[in-house]
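# Okay, sequence plus prediction incoming.
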Amino acid sequence: MNATSRAILQTVLATDASLSAAERSATQRLIDGRTEVPTVVVCGSDERLLVTQKEAAEMLSVSRVTIWRMTKDCVLRPVEILPGTWRYPYHEILALARRGVAAESLAGGGSEQSAA
């Protein structure tokens, strides 16, 4: 690593209070020149971090339009991975699916109206 890159990383490490302990550790390893890959522990080897809009809709048994509405209503918080490309946190979708919340209540009532 050249001196400029090392100086930039040291500045980030010293000034960025939002870095997590894992990020600080990884940055320090880079500065020290250690390139070993740390062991990462995940809940399941097949567990995904992000899912597409279509996969989120399938997990919740709703339409993609409902997923869009839930995003618009701030029920879901997607992550933009590229400009215009969004993914949904798997754990967030899974939590909603496990709660078994009805699509109508999540999407603001849906299109069904009761006749009085």
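Thanks, I have the structure now.
# make it CA atoms for all contacts and neighbour counts henceforth
Noted.
# residue ranges with poor pLDDT in this protein?
Along the chain, the model assigns pLDDT under 70 to residues 35-47, 101-116.
# What segments of it are helices?
Using DSSP state H, the helices assigned to the chain run over residues 3-15, 21-32, 53-60, 64-72, 90-99, 103-106.
# can you redo those as TSV with mean neighbour count and distance to residue 79?
Shown next, in TSV, are the helices of the chain (neighbours: other Cα atoms under 10 Å; distance: least, Cα to Cα, whole Å):
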stretch	mean neighbour count	distance to residue 79
helix 3-15	13	24
helix 21-32	15	19
helix 53-60	17	11
helix 64-72	17	11
helix 90-99	14	11
helix 103-106	14	19
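# could you dump these to TSV with distance to residue 84?
As requested, these are exported to TSV (distance: least, Cα to Cα, whole Å):
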stretch	distance to residue 84
helix 3-15	28
helix 21-32	27
helix 53-60	13
helix 64-72	14
helix 90-99	19
helix 103-106	24
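# Break this structure down into its domains, please.
Per the record, the chain has its domains at 3-32, 50-106, by automatic domain parsing.
# Pull the contacting residues for the residue positioned nearest the centre of the chain.
Nearest residue to the geometric centre of the chain (Cα atoms, centre = their mean): residue 89, 3.8 Å. Counting by Cα atoms under 8 Å, 6 or more residues apart in numbering, residue 89 touches 49-51, 77-79.
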